[in-house]
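Q: what's the 3D shape of this:
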Amino acid sequence: ASHNGEDWHVATAAAMLARAHRSEADLECGAHWPARQEDCGRLHVAGLKPGALHNNCSGKHAGFVCYACHAGIDPKGYTAVDHPVQQAAKAALEDVFGTVLGVESCGIDGCSIPTWAIPLDRLATGMARLATGQGLAPGRAAAARRIMEASIAEPFMVAGTKRFCTDFMTALGGVAYAKTGAEGVFCAAIPSLGLGIAVKCDDGASRAAEVVVATVIAALLGRSDAPELERFLRPVLTNWNRMTVGGLRPSAELVEAAATLAP
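A: So this is what the prediction gives:
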């Protein structure tokens with residue numbers, strides 16, 4: 001989920017569906033144009049319009065469809081909150097994050113699936129559980145490890161070209177997991193330290209959340225002064241003429257707090 005809708009993302013989601021003998025027609029996420037102008041341009045030149053596979057959540061939805069087929073469930077209507085697929089997803093969330101999800105905390109995402117409000121401390125704890133398997137049943141721990149290791153090994157599939165998630169994980173050399181969310185939410189994990197991280201920026205934007213996550217992870221890894229991480233810790237802002245017009249930086253309070261985390 002949250003990918004750019006680049007060719008590799010689209011092809012991978014399609015291949016997932018094909019292995020379950022399903023197709024794009026089974027996806028219920030809706031369609032939107034890819035995130036990058038280059039990919040939109042190629043569709044225009046070919047006289048094509050975006051489909052559900054270009055949706056940034058097509059991989060997640062392909063997973064829902066594949067799960068339904070594997071479990072012998074009719075995937076039709078899988079986005080409904082009372083569908084067996086979403087009930088299974090809800091149960092998994094409650095298990096991993098250790099919290100009860102009631103109807104009062106449920107909304108509908110842009111891709112049409114139920115979206116659950118989870119307390120920030122539970123979100124961080126759940127990320128640690130996904131990274132270590134601690135507190136999870138053996139089968140779920142194995143699944144979590146497989147997903148975490150695959151994401152760290154292939155960061156392009158998590159987001160895509162010029163995306164923070166992909167570039168930051170690549171720069172870290174495979175020692176941490178990072179995943180953006182909507183409305184200023186960002187999650188991360190460092191498996192070797194058994195730690196999970198969850199951030200929510202009140203302005204709902206991702207750029208501040210990215211700097212916070214980079215600052216915390218760099219401190220935890222003892223790499224706050226690493227040159228290869230500078231562009232994530234203090235990104236430069238440019239205009240359309242590529243002139244430097246400003247930049248982002250962590251607050252002094254955040255830097256001071258993060259320093260206490262250093263090994």
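
Q: confidence score at Arg249?
A: Arg249 is assigned 95 on the pLDDT scale.

Q: no no, Ala1
A: As predicted, Ala1 sits at a pLDDT of 80.

Q: that one and Gly59 touch, don't they?
A: Yes. Ala1 is in contact with Gly59 according to CB atoms under 8 Å; the separation is 5.9 Å. Quick note: C-beta positions are derived from backbone N, CA and C, even for glycine.

Q: so, low pLDDT: which residues of the chain?
A: Scanning the chain for pLDDT under 70 picks out nothing.

Q: quick one: the strands in it?
A: Shown for the chain, the strands assigned by DSSP state E span residues 106-108, 114-116, 177-180, 185-190, 195-200, 236-238, 244-247.

Q: for stretch 242-255, the distance to its chain's centre please.
A: 24 Å (CA atoms, centre = their mean, to the nearest Å).

Q: and the end-to-end length of it?
A: 28 Å (CA to CA, to the nearest Å).

Q: pull out the buried residues from that stretch.
A: By neighbour count with 16 or more other CB atoms under 10 Å, stretch 242-255 contains the buried residues Pro250.

Q: same question for stretch 222-237.
A: Neighbour-count burial for stretch 222-237 flags Arg223, Ser224, Leu229, Phe232, Leu233, Pro235 (criterion: 16+ other CB under 10 Å).

Q: check stretch 183-197 too.
A: For stretch 183-197, a neighbour-count test (16+ other CB under 10 Å) marks Gly184, Val185, Phe186, Cys187, Ala188, Ala189, Ile190, Pro191, Leu193, Leu195, Gly196, Ile197 as buried.

Q: how about the third one: what's its closest non-neighbour residue?
A: Of all residues beyond its chain neighbours, the one nearest Phe186 is Ala209 (4.1 Å), with distances taken as CB to CB, 6 or more residues apart in numbering.

Q: hmm, that neighbour is touching Asp202, no?
A: No. Judged on CB under 8 Å, Ala209 makes no contact with Asp202 at a distance of 10.3 Å.

Q: neighbour count for these two, which is higher?
A: Set side by side, Ala209 and Asp202 show more neighbours around Ala209, with 22 against 8, by other CB atoms under 10 Å.

Q: and of the strands of the chain, who's closest to Pro84?
A: strand 114-116 (12.8 Å; CB to CB).

Q: gap between the residue nearest to Phe186 and Val199?
A: Ala209 sits 5 Å away from Val199, going by CB to CB, to the nearest Å.

Q: name the residues contacting each of these two.
A: Common contacts of Ala209 and Val199 (CB atoms under 8 Å, 6 or more residues apart in numbering): Gly184, Val185, Phe186.

Q: residue contacts, the second one?
A: The neighbours of Val185, taking CB under 8 Å, 6+ apart as the test, are Leu123, Ala198, Val199, Lys200, Ala209.

Q: which residues does it bridge with?
A: Lys200 (DSSP bridges).

Q: on that earlier part again, which one among the buried residues of stretch 183-197 gets closest to Phe64?
A: Once CB to CB is applied, the member of those that ends up nearest Phe64 is Cys187, at 19.9 Å.

Q: which residues sit in contact with the closest one?
A: Leu123, Ala124, Met127, Ala178, Lys179, Gly181, Gly196, Ile197, Ala198, Val199 are the contacts of Cys187 under CB under 8 Å, 6+ apart.

Q: now do Gly246
A: Val236, Leu237.

Q: before we move on, what about Phe168?
A: With contact taken as CB under 8 Å, 6+ apart, Phe168 is in contact with Ala178, Glu210, Val213, Ala214, Ile217, Phe232.

Q: surely the second one touches Thr166?
A: Spelled out, it's Glu210. No. Applying CB under 8 Å as the test, Glu210 and Thr166 come out as separate, 12.0 Å apart.

Q: which one's more surrounded, those two?
A: Glu210 (24 against 20).

Q: how near is that one to Ile73?
A: 37 Å.
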